[in-house]
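A.B. asks: take this sequence and fold it.
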Amino acid sequence: YTYIGADQDEGISVATNWYDVTIGECEEDSNATCSATGTYAGVDAGTNSSAPVTCVGVSASTVLTGSAQAGEVGSVNVSYTAANTIPTDAKFKVTFPSDFDVSGSLTASSTAISGALSASASGQVVTVTRGSGATALSAGDALHLVIGGVRNPRVSGTASGFALEVTTAGDTCIEQDQTAGDTL
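C.D. replies: Below you'll find the model as predicted:
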């Protein structure tokens, strides 16, 4: 089985945030023989993304266009419930179907995600980064993100094939989902 140990000043402390985090494997015997597979020193719980995170799937994420008008430039609303703690320097990546145009000037805003937000695109992936004023988000938080400057497909129909991935600043996956989308 896998264990996670947190050590600070030769003991576990919940009063402060800084920990040495150890991830390891234990044999299932009476001696509980364990060997560390990695130690991450000075991990700031909730804010530092240097510790390994298991990428989990989230369910019931939604991506809805602000307008149902084909070809219109507007906003896209992304909503989901966080499955993991999300550090202050996390990135939110939304992959758009190929018939959406994300090459224009993009904006990002949220009433649920703190910090100065900015959006940029590479191909069909829009990445929203958090800047000053960001605080860690908790598992179970309802998150809503608005990405502006997105052009809807020029032909009406069902827009499907969106994907959501939340990563650390170093692009390690924290959580992800494939979502159906919206009808235009």
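A.B. asks: quick one: buried residues of stretch 147-166?
C.D. replies: For stretch 147-166, the buried set under the neighbour-count rule, 16 or more other Cβ atoms under 10 Å, comprises 147-153, 159, 161-166. Every residue, glycine included, has its C-beta placed from N, CA and C.
A.B. asks: helices or strands up against the helix or strand hosting Lys93?
C.D. replies: Per DSSP states H and E: Lys93 is located in strand 91-95. If contacts are counted by 3 or more Cβ pairs under 8 Å, 6 or more residues apart in numbering; DSSP states H and E, strand 91-95 sits against strand 73-81, strand 125-130, strand 142-151, strand 162-167.
A.B. asks: what stretches of this structure score poorly on pLDDT?
C.D. replies: In the predicted model, the chain carries pLDDT under 70 at residues 1-54, 59-60, 179-184.
A.B. asks: correct me, but Ala82 touches Ala136?
C.D. replies: No. Between Ala82 and Ala136 there is no contact under Cβ atoms under 8 Å: 10.3 Å.
A.B. asks: between those two, which has more neighbouring residues?
C.D. replies: Ranked by neighbour count (other Cβ atoms under 10 Å), Ala82 and Ala136 place Ala82 first, with 21 against 18.
A.B. asks: Val56 versus that one, what's the distance?
C.D. replies: 10 Å (Cβ to Cβ, to the nearest Å).
A.B. asks: now for these two: what residues contact both?
C.D. replies: Common neighbours of Ala82 and Val56 (criterion: Cβ atoms under 8 Å, 6 or more residues apart in numbering): Glu175.
A.B. asks: thanks again, I'm all set now.
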